[in-house]
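**Student:** Quick one: sequence plus predicted model below, questions after.
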Amino acid sequence: MPLLLPILATLIWAGNTIVSKLSAGAIEPAAISFYRWLVALLVLTPLMLPRVWKLRAQVRPYWRKLLVLAALGMVLYQSLAYFAAHSVSAMTMGLVVAAIPPMTMVIGMVLLKTRPSPGMLIGAVVSFAGLTWLLSGGHPAQLLQQGLGRGEMMMMLAAFSYALYGVLVKRWALPIPNGESLYLQVLCGTVLLLPGFALAPSVALTAHNLPLVLYAGILASTLAPWFWMHGLLRLGTDKTAVLMNLTPVFTALLAVCLLDEPLRAYHWIGGGLTLLGVAVAQALRQKPAPALRTQECAG
């Protein structure tokens with residue numbers, strides 16, 4: 001069944017948000033960030049290293065861009081989420097991640113010089129309204145007065161870093177196969193996380209936190225991406241992308257069932273509006289028209 005594997009991928013990623021929340025107090029954020037990608041690197045190396053070695057001449061000119069992509073997608077995105085988990089609920093974390101598509105659209109307008117369709121703009125406005133309602137706990141005026149909390153700010157920065165990652169992947173279009181590119185980014189991310197790991201107060205692995213590390217490193221970082229890429233090949237980009245909307249839904253369900261987090265009215269309203277905006281943007285999406293200035297700057 002073509003839908004099964006990408007749906008399993010979204011479920012695994014939703015479970016990883018629960019793992020991020022459970023990691024708070026069980027292991028230092030810098031430690032689990034490093035261990036996660038180290039485990040993924042060890043799992044992928046036997047298969048991918050021979051392939052990457054054969055492409056070393058082709059890869060060499062792009063190592064700086066691979067470092068930037070790793071910093072955004074592997075280091076900042078998940079590390080900020082681990083820190084945010086100390087003060088933000090798993091449900092809120094999952095619903096903030098749902099705002100990545102409209103963030104991607106806005107960043108794409110600047111970096112890719114694209115003009116989104118009216119439907120995409122409407123969807124983005126609805127999504128950001130929902131996100132505002134969610135982060136304010138149903139009191140937008142209070143958000144204007146007090147601003148975002150530390151955890152919420154970290155999650156917003158995490159979502160922004162991943163949105164920027166997605167735009168740069170499209171802008172640069174590195175001539176490296178997807179699997180090899182992912183492996184190289186994991187390698188770069190592991191190296192970039194090493195200084196923080198070395199400075200962490202404690203990096204001990206215990207019977208309590210080891211399952212969290214293995215879930216993040218094997219299921220969320222290795223198996224789920226493979227499931228997702230398989231879905232892309234079988235279903236195509238558009239149909240598979242719609243399934244990503246299941247991730248915050250699964251996250252909310254898992255947070256209620258496994259963490260006993262309350263599902264309040266502002267979660268329904270804010271999360272619902274955020275997802276509705278994404279759905280509207282996807283349903284009414286047209287091929288973006290190029291801006292008047294079509295020449296892109298050299299990356």
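**Tutor:** Nice, thanks for sending it over. Residues are numbered from 1 along each chain as shown.
**Student:** Arg56: how many residues sit nearby?
**Tutor:** 8 (other CB atoms under 10 Å). (Glycine included, C-beta is placed from N, CA and C.)
**Student:** Likewise for Ala241?
**Tutor:** 17.
**Student:** gap between it and Pro6?
**Tutor:** Look at Ala241 and Pro6: by CB to CB, to the nearest Å, they are 10 Å apart.
**Student:** do the same with Leu80
**Tutor:** Taken as CB to CB, the span from Leu80 to Pro6 is 25 Å.
**Student:** next one: Leu41
**Tutor:** Taken as CB to CB, the span from Leu41 to Pro6 is 24 Å.
**Student:** surely Phe160 meets Met103?
**Tutor:** Yes: applying CB atoms under 8 Å, one finds Phe160 in contact with Met103, separated by 5.9 Å.
**Student:** how about low-confidence regions in the stretch 51-200 of the chain?
**Tutor:** In the predicted model, the stretch 51-200 of the chain carries pLDDT under 70 at residues 143-147.
**Student:** list the contacts for Pro50?
**Tutor:** With contacts defined as CB atoms under 8 Å, 6 or more residues apart in numbering, Pro50 has no neighbours.
**Student:** Wasn't it part of a helix?
**Tutor:** Yes: with DSSP: H, G, I helix; E, B strand; the rest coil as the criterion, Pro50 is located in a helix.
**Student:** where does it land on pLDDT?
**Tutor:** Here the pLDDT value assigned to Pro50 is 95.
**Student:** what about the helices in the stretch 151-299 of the chain?
**Tutor:** For the stretch 151-299 of the chain, the helices defined by DSSP state H, counting those that start in this stretch occupy 178-199, 210-214, 224-235, 237-243, 246-259, 265-283.
**Student:** shared neighbours of Phe160 and Met103, anything?
**Tutor:** Counting by CB under 8 Å, 6+ apart, Phe160 and Met103 have no common neighbour.
**Student:** Please enumerate the strands of the protein.
**Tutor:** Using DSSP state E, the strands found in the chain span residues 114-115, 289-290.
**Student:** wait, which of the helices of the stretch 151-299 of the chain is closest to Val125?
**Tutor:** Taking CB to CB, helix 265-283 is the member of the helices of the stretch 151-299 of the chain nearest to Val125, at 7.1 Å.
**Student:** How about residues contacting that closest one?
**Tutor:** Helix 265-283 has contacts (CB under 8 Å, 6+ apart) with 91-92, 95, 98-99, 101-102, 105, 119-120, 122-138, 238, 241-242, 245, 248-249, 252.
**Student:** In PyMOL, select just the buried ones from those residues.
**Tutor:** Selection of buried members from these for PyMOL, criterion 16 or more other CB atoms under 10 Å:
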select buried, resi 91+92+95+98+99+101+102+105+120+123+124+126+127+128+129+130+131+132+133+134+135+136+241+245+248+249+252
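**Student:** Now stretch 243-260 - C-alpha only, CSV.
**Tutor:** In CSV, the C-alpha atoms belonging to stretch 243-260 read as follows (Å, rounded to 0.1, in the frame of the first residue of the first chain):
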residue,chain,number,x,y,z
LEU,A,243,0.4,13.5,4.5
MET,A,244,2.8,15.7,6.5
ASN,A,245,-0.3,17.4,8.0
LEU,A,246,-0.8,14.2,9.9
THR,A,247,2.3,14.8,12.1
PRO,A,248,0.8,17.4,14.4
VAL,A,249,-2.5,15.4,14.6
PHE,A,250,-0.6,12.3,15.7
THR,A,251,1.5,14.4,18.1
ALA,A,252,-1.6,15.8,19.8
LEU,A,253,-3.1,12.3,20.1
LEU,A,254,0.2,10.8,21.5
ALA,A,255,0.6,13.7,23.9
VAL,A,256,-2.9,13.1,25.3
CYS,A,257,-2.6,9.3,25.5
LEU,A,258,1.1,9.0,26.6
LEU,A,259,1.8,12.2,28.5
ASP,A,260,-1.7,13.0,29.9
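**Student:** Off-centre distance for it?
**Tutor:** On the basis of CA atoms, centre = their mean, to the nearest Å, stretch 243-260 sits 15 Å off its chain's mean C-alpha point.
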